[in-house]
Every structure is written in C-alpha cells, then in structure tokens.
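Asker: One predicted model, sequence on top.
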Amino acid sequence: MTTPPMVAFAGQQAQAARDVNTASLCRIGQETVQDIVLRTMEIFQLLRNMQLPNGVTYHPSTHQDRLGKLQEHLRMLSVLFRKLRLVYDKCNENCTGLDPVTPEQLIPYVEEDGSSRHNERSASQARPETEERGEILEVNKKLKQKNQQLKQIMDQLRNLIWEINSMLAVRN
C-alpha cells in the first residue's frame with residue numbers, strides 16, 4: 001500500500017526541516033542578529049522619548065503605552081537571543097566533526113619565485129590552478145601595460161600644464 005502524495009510530501013518537509021544545513025543556519029543567525037540590533041535600536045528610541053516618572057504627570061496613558069511597548073520589545077529581544085543561542089548550538093553541533101582549519105590555510109600563497117607554499121595538492125587541483133595562475137599573470141601583464149600608458153599620459157599632461165603656466169608667467 002502506498003502513502004498518499006500529500007502525506008509523503010509532508011514527511012519530506014519534516015525531514016528537510018530536521019536536516020537544515022549549516023549555511024542556512026548561519027543565514028538564519030545573521031538575520032536574527034539583525035533583528036536583535038533593530039529591536040535594540042527601537043528600545044533606545046523608546047527610552048530616549050520616554051519621560052521619567054519624577055512626579056510630573058505629562059500624559060499617564062502615553063507613558064503607560066510607551067512602557068508597554070518597551071516591555072514588548074524587551075520580551076521579543078529575549079526571544080531573539082534564545083533563538084540565536086539555539087542556532088549557535090546547532091551550528092556548533094554540525095561542525096563538531098570537522099577539522100579546524102586556519103584562515104591562512106584556505107588562502108593559496110605563491111612565493112616570488114613561483115613556488116607554492118602548499119605542496120600537498122593533487123594533480124586534478126594543480127591543473128585548474130595553473131590555468132588560473134596563467135590567467136592572473138596575463139591580467140597582471142596587461143595591467144602593467146595599462147599603468148605604463150597612464151603614466152606616460154600623466155607625464156605628457158604635466159609637461160603641457162608646465163608649458164602653459166610658463167607661457168602665462170611670461171605674458172604677465
């Protein structure tokens with residue numbers, strides 16, 4: 001007996017919800033941090049506009065309304081922090097089996113003589129990197145040529161301006 005399509009689809013959605021990848025968790029965490037910052041800014045805005053209860057009653061209803069908004073923002077802020085903690089814990093749980101890699105290891109570094117600092121590359125990785133390196137060298141060569149042309153143009157303009165200033169000085 002087969003399951004109806006809607007039940008199978010709902011089961012797939014539940015499985016997908018349980019198997020959220022770390023990248024989407026990080027995106028959710030980033031959005032949560034942005035919400036926390038927004039709520040905090042709103043709290044400070046409310047506090048700045050709120051009058052202190054120093055015995056002078058300006059509008060008690062306005063004060064109570066602002067106090068209610070402030071309490072609601074603080075409640076939402078605590079919910080957002082709990083959500084951020086859950087996302088953080090889930091990301092740490094997903095990353096426990098990974099080997100720690102320093103950022104320096106992720107950046108390919110090429111010495112001045114052309115030798116690479118990372119020697120443990122496979123042949124399949126070396127071929128695209130040599131093509132990429134060739135493209136980079138070609139772009140650098142073109143860039144140096146353009147820079148030389150720009151330098152020549154700047155020198156010509158400098159000489160032209162010098163001559164114009166000299167002619168104006170002689171005329172005066």
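Answerer: Okay, I see it.
Asker: Distance from the chain centre to the helix or strand harbouring residue 44, please.
Answerer: In the assignment (DSSP states H and E), residue 44 maps to helix 22-49. Here helix 22-49 is found 15 Å from its chain centre; the criterion is Cα atoms, centre = their mean, to the nearest Å.
Asker: Can you tell me which helices and strands it packs against?
Answerer: Secondary-structure packing of helix 22-49 (3 or more Cβ pairs under 8 Å, 6 or more residues apart in numbering; DSSP states H and E): helix 60-94. Placement of C-beta: from N, CA and C, glycine included.
Asker: Quick one: neighbours of the nearest residue to residue 43 once chain neighbours are set aside, just the number.
Answerer: The shortest distance from residue 43 to any residue other than its chain neighbours is 4.9 Å, reached at residue 73 (Cβ to Cβ, 6 or more residues apart in numbering). Residues contacting residue 73 under the criterion other Cβ atoms under 10 Å number 19.
Asker: Quick check: residue 73 touching residue 42?
Answerer: Yes. Between residue 73 and residue 42 there is a contact under Cβ atoms under 8 Å: 5.7 Å.
Asker: Could you identify the longest helix within this protein?
Answerer: As assigned by DSSP state H, the longest helix anywhere in the chain is helix 123-171.
Asker: helices or strands next to it in the packing?
Answerer: Packed next to helix 123-171, using 3+ Cβ pairs under 8 Å, 6+ apart, is no helix or strand.
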